[in-house]
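A.B. asks: Sequence and computational prediction follow.
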Amino acid sequence: MKTFYVTTPIFYANTLPHLGHLYVMIVADAIARQKRQQGIETFFLTGTDEHGINIERAAKLAGRTPKEQADYVVSYFKKMTAEFGLDAEHGGFDIFMRTSEPFHYQGVSEFWRRAAAAKTPKGNDAIYKGHYEGWFCAACAEYKTEDEYAKPKVEGEPPTCLIHETLLDRISEESYFFRLSDYAESLLSLYESRADFVRPESRNNEVTSFVRGGLQDLAVSRLRTAVSWGVPVPNDPAHTMYVWFDALINYITAIGFGNEERERMAGFEKFWPALHIVGKDILRFHAVFWPAFLMAAGVDQPRGIVAHGMWVDPSGRKMSKTLGNTVELDVLNRHFPIDAIRYFCLRDMVFGHDGKFSYEALIDRTNSDLASGLGNLSSRTLTMISRYCDGIVPSPVISEDKLLLAKRSGVDTDETTISGFIELARDQFLQQFESLAFSRSLEIAWSIVARIDKMISDAKPWELAKDENQKQTLSAVLYRAAESLRWLCVMLYPIMPTATLEIWSQLGQGDSDSPSPAKSDPAKLKWGELSPGKAIGEVRPLFPRIDKGKTMAEINGEKQEQAAGAGGRSERKTEAGSPHSQHAVNAQHESGQGVHATEADAVPASANASETKPAPPMQHATEADAVPGAIGVTSFIDITDFTKVDLRVGEVLTAERIPKADKLLLLTVDIGEEKPRQILAGIAQYYEPEQLLRRKIAVVANLKPRKLRGYESQGMLLAASVGDEGKPVIATFTEEVPNGAKLK
């Protein structure tokens, strides 16, 4: 029997659940439900990462043990998953994984022993003991390099974490290291041999660029005297495993690696490898560190690693409590149907890109697509069957002697016109869903809704019902609408399980011999399997329209009440630990707030690193933040100076925001070379990513690569600086020019 394994990240247990957690769970849940529809035995994992000094400190502040602190946070996660129908009881995850489980300790220890006994591709020990001295951020659970912290204003004081704005700890201690530097070539071979290993393509390019820039060995342990809450290092209990080494291995310990009991309950050999769904902010840990760890331990690589985007507000700003633009899960749960939330998340975020989320947008999408769309189609179809057919599914057959009458009424007597359209749409829907293009797949599904709505409006069943001679025509129209609803129930079940099962019941299929949508493979649907003569169920509104003004007034009123009671919530947040989840921590870490491309050093260990020296900031908004320039020409150059600059025509292939960096966009640009360039541009406050797609721009092609927010920028686009604020206006072309053409 075929098997499939899908995971979300496990979330760091120092924060309560938020929209980012909910979104990735919905994605993984939808994938798992569709695989189960296909008859594939599926295992779905989510959970929490519960070790590290940050948990220890949060527990101490709250007067708890670290385990009690983790239990406290986990209780909120389990409450959230139950409320949103994502737990096992509602057909969701198969395990809520916790790294504090004894079987995890056993499995991680086995993994360490295998890796410690292994040799790297270059013949060195994969894990070795050394000494580390440097600055450490407990909240990030990361060591910080010089470009990742703010230097102290007063000499002698410690530097400050750019993410949390807290003082760093100076660490000087013995540590075990994983020799990541020896795995660069093996990782690049992996990416090259498996083009779909990291998706989407832009993320694959990003990871490949990072590895080519040179890898440094990783500290994978802390002294137990410094961090006691963690998995002890085998044969050396004076050390505990570093959080990322411990956490990533959960994906295999959960299904039985290193533990016979879990192997019997789930099955490592049965389900591995997994498809990992992760936020783009933690892609590097999953696409670089994790594969290297697996190589060392001799374990097969994952099925794939897919990175999703982040939710931003309607203005494109990151969500934060400081800005007051967060989306609260309890507000969503009180005011919106769960399936409307699921639909919005999958429809409005193009998977892999950032998406804009607001309560107003959710109301608009619910009213337009669900209340006026699918809900209206279901209601009007079933109401007319109840009214005109005595609540019995009618026959689709139009007899020979009635065909001419049907044609005269404007009804297509060839049923295959509709069935063929829906079959094609079904195939396209499944193709897009399989490639994780959820938004596009739902657009296709709603083309069915629109087509059947039009069929009903054109046929005017209410008029046909007045003519006894058109009874068969009326029945055929209503049967086609009802059969279309049956198909939609099966297709849309993974996205909206509650609503589709409700339509299924109203169609009278709840107690039928045919399998429910949860067990029906949409690829095997056949037109005409809705049995005529069966009574439909009670017709009930599926998605009542939401009063936007009233609902927003209630939500805003609740916000004001929450603001007035901020003191109480602040106390609760302190109990939960740092307000940043590991997702948020690493998103901010990667963005490196406060560091600009113009200040970044060359990529560590890159071929030309030794030749590169930090340069003073260049005055271009397109490379970093806009810097007010001098008025007029300050100096002149001769033609030989100008010819040193290699200017090329480029076409923007992809554009997206960088997590926690308000001013930066990450572009991939085709300048006529074998592979596109990755370019960072400080224009996010003035341009939406979609505005730049397929735009022709001017690129400085021979600018030395620079590193910013953890990304390598391989060039610079040109823009004019307009007005007192130095607003960038991108230089472009009014005539068609080929990619790679030189500017002279």
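C.D. replies: Looks like it arrived, so ask away.
A.B. asks: switch to C-alpha atoms for all contacts and neighbour counts from now on
C.D. replies: OK.
A.B. asks: in stretch 385-402, what counts as buried?
C.D. replies: Of all the residues in stretch 385-402, those buried under the rule 16 or more other CA atoms under 10 Å are 385-386, 388-389, 391-398, 402.
A.B. asks: can you give me the strands for the stretch 1-150 of the chain?
C.D. replies: Counting by DSSP state E, counting those that start in this stretch, the stretch 1-150 of the chain has these strands, from start to end: 3-12, 41-49, 95-98, 127-137, 142-144, 149-150.
A.B. asks: If you average the pLDDT over the fifth one, what comes out?
C.D. replies: Right, strand 142-144. The average pLDDT for strand 142-144 rounds to 73.
A.B. asks: What of the longest one?
C.D. replies: Confidence over strand 127-137, taken as the mean pLDDT, stands at 86.
A.B. asks: Ok, stretch 537-555 next?
C.D. replies: Mean pLDDT, computed over stretch 537-555, is 94.
A.B. asks: list the buried ones in that stretch?
C.D. replies: Buried-residue list, stretch 537-555, by 16+ other CA under 10 Å: 537, 539, 542, 543, 545, 546, 551, 552, 555.
A.B. asks: do the same with stretch 158-175
C.D. replies: Neighbour-count burial for stretch 158-175 flags 158-164, 166-169, 174-175 (criterion: 16+ other CA under 10 Å).
A.B. asks: First-to-last residue distance for it?
C.D. replies: Terminal residues of stretch 158-175 lie 22 Å apart, using CA to CA, to the nearest Å.
A.B. asks: again with stretch 58-76
C.D. replies: End-to-end distance for stretch 58-76, by CA to CA: 16 Å.
A.B. asks: can you pull the contacts of the closest residue to residue 392 other than its chain neighbours?
C.D. replies: Leaving aside its sequence neighbours, residue 392 sits nearest to residue 535 (CA to CA, 6 or more residues apart in numbering; 4.4 Å). Going by CA atoms under 8 Å, 6 or more residues apart in numbering, residue 535 touches 391, 392, 393, 507, 508.
A.B. asks: at 6 Å what do you get?
C.D. replies: Counting by CA atoms under 6 Å, 6 or more residues apart in numbering, residue 535 touches 391, 392, 508.
A.B. asks: From what I see, the last one and residue 536 are in contact.
C.D. replies: Yes: under the criterion of CA atoms under 6 Å, residue 508 makes contact with residue 536 at 4.0 Å.
A.B. asks: all strands of the stretch 301-450 of the chain, in order?
C.D. replies: Under DSSP E, counting those that start in this stretch, the stretch 301-450 of the chain gives strands at 304-308, 311-312, 355-356.
A.B. asks: Wasn't residue 229 part of a strand?
C.D. replies: No: secondary structure of residue 229 (DSSP: H, G, I helix; E, B strand; the rest coil): coil, not part of a strand.
A.B. asks: Distance of it relative to residue 254?
C.D. replies: Note on residue 229: its distance to residue 254, by CA to CA, is 20 Å.
A.B. asks: Comparing these two, which residue is more hemmed in?
C.D. replies: Legend: neighbour count by other CA atoms under 10 Å for residue 229 and residue 254, higher for residue 254 (27 against 21).
A.B. asks: so what's the more buried one up against?
C.D. replies: Listed by CA under 6 Å, 6+ apart, residue 254 has no contact partners.
A.B. asks: Could you dump the contacts of residue 535 into TSV with pLDDT and distance to residue 303 added?
C.D. replies: Below are those laid out as TSV (pLDDT from 0 to 100; distance: CA to CA, whole Å):
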residue	pLDDT	distance to residue 303
391	96	48
392	97	47
508	93	40
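A.B. asks: Identify, from those residues, the entry nearest to residue 222.
C.D. replies: Closest approach to residue 222 among those (CA to CA): residue 508, at 61.3 Å.
A.B. asks: contacting residues for that closest one?
C.D. replies: So residue 508 contacts 535, 536, 537 (CA under 6 Å, 6+ apart).
A.B. asks: let's see 8 Å
C.D. replies: Going by CA under 8 Å, 6+ apart, residue 508 touches 534, 535, 536, 537.
A.B. asks: how much space between the first one and residue 462?
C.D. replies: Noted for residue 534: a distance of 22 Å to residue 462, by CA to CA.
A.B. asks: Tell me which residue lies nearest the centroid of this protein.
C.D. replies: For the chain, the residue sitting closest to the mean C-alpha position, by CA atoms, centre = their mean, is residue 308 at 2.6 Å.
A.B. asks: what pLDDT does the nearest residue to that one once chain neighbours are set aside get?
C.D. replies: Setting aside the residues directly before and after it, residue 308 is nearest to residue 352 in space (CA to CA, 6+ apart), at 4.1 Å. If you check residue 352, the pLDDT there is 91.
A.B. asks: Just give me the neighbour total for residue 352.
C.D. replies: Using other CA under 10 Å, the number of residues around residue 352 comes to 21.
A.B. asks: JSON lines for the strands of the stretch 1-150 of the chain, including distance to residue 423 and mean neighbour count?
C.D. replies: Shown next, in JSON lines, are these (distance: least, CA to CA, whole Å; neighbours: other CA atoms under 10 Å):
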{"stretch": "strand 3-12", "distance to residue 423": "26", "mean neighbour count": "23"}
{"stretch": "strand 41-49", "distance to residue 423": "26", "mean neighbour count": "23"}
{"stretch": "strand 95-98", "distance to residue 423": "36", "mean neighbour count": "20"}
{"stretch": "strand 127-137", "distance to residue 423": "55", "mean neighbour count": "17"}
{"stretch": "strand 142-144", "distance to residue 423": "52", "mean neighbour count": "19"}
{"stretch": "strand 149-150", "distance to residue 423": "57", "mean neighbour count": "23"}
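A.B. asks: just for the stretch 501-650 of the chain, where's the confidence low?
C.D. replies: For the stretch 501-650 of the chain, applying pLDDT under 70 flags the ranges 512, 565-636.
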